[in-house]
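Q: what's the 3D shape of this:
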Amino acid sequence: MPNNDDNDEAEVRLDKWLWAARFFKTRALAAEAIDGGKIDVNGERAKRARHIHVGDRVEIRRPPFTHHITVALVAPQRRSGALAALMYTETPESAAARRQIADRLKAEGPPQFGEDGRPSKRDRRQINRWKGRS
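A: All right, here's what the predicted structure looks like:
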C-alpha cells in the first residue's frame with residue numbers, strides 16, 4: 001500500500017478506488033454502478049472520475065445491502081483482501097443493518113419451486129430476486 005502520510009494530496013478516481021477496495025470485481029462493474037446512481041459520495045450522486053480523499057463518506061447500494069463507509073486509505077492498486085479491508089471503515093449502523101438483512105435472508109432459505117422440471121419465467125425472476133440480481 002502506498003504511504004499516505006500526506007492525506008490531503010492523496011486522491012484516486014472513485015471507480016478505481018471501489019475496485020481496489022474490492023467492492024466490485026472489475027472497474028467496469030464499478031463504473032456501471034456509479035453511472036446507475038448506486039454510489040453516493042458525501043451525500044451527493046457521484047461520477048466515475050470524481051476523486052476520493054481520505055475522510056470521504058461513501059454510500060454503496062448493492063441490493064439488498066447498503067454499505068455506509070468512510071474512506072480511511074486511498075490506494076490506486078488492487079491488493080489482497082486483508083489490505084483492501086483497511087481502506088475503509090464501515091459505520092456500526094450499516095454493519096448491523098447488513099447483518100440483520102443477511103440473517104433474514106438466510107432464515108427464509110431458497111425459494112421452493114414445483115417439481116415440474118425447469119423453472120418458469122416467474123420462477124426465474126423469483127430466483128434472481130432471491131440471489132440479489134434483480
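Q: From residue 123, how far off is the residue of the chain positioned farthest from its centre?
A: Distance from the C-alpha centroid of the chain peaks at residue 116, with 36.5 Å (C-alpha atoms, centre = their mean). Distance of residue 116 to residue 123, given as C-beta to C-beta, to the nearest Å: 9 Å. Heads up, the C-betas are built off the backbone N, CA and C, glycines and all.
Q: Ends of stretch 10-26, what's the gap?
A: 22 Å (C-alpha to C-alpha, to the nearest Å).
Q: Just the helices from the protein, written as ranges.
A: Assigned by DSSP state H, the helices in the chain fall at 14-20, 27-35, 81-84, 92-108, 121-131.
Q: Report the angle between the longest one and helix 121-131.
A: Translated: helix 92-108. 140 degrees (axes from the mean of the first three to the mean of the last three C-alpha atoms, to 10 degrees).
Q: Give me the buried positions along helix 92-108.
A: For helix 92-108, the neighbour count (16 or more other C-beta atoms under 10 Å) marks 94, 98 as buried.
Q: residues in contact with that helix?
A: Under the contact criterion C-beta atoms under 8 Å, 6 or more residues apart in numbering, helix 92-108 has outside partners 64-69, 130.
Q: And those, which two are furthest apart?
A: 69 and 130 (25.7 Å; C-beta to C-beta).
Q: on that earlier part again, among the helices of the chain, single out whichever gets nearest to residue 53.
A: Residue 53 lies closest to helix 14-20 among these, at 10.0 Å (C-beta to C-beta).
Q: about what we covered before: for residue 75, find the nearest of the helices of the chain.
A: That would be helix 14-20 among those, by C-beta to C-beta, at 5.4 Å.
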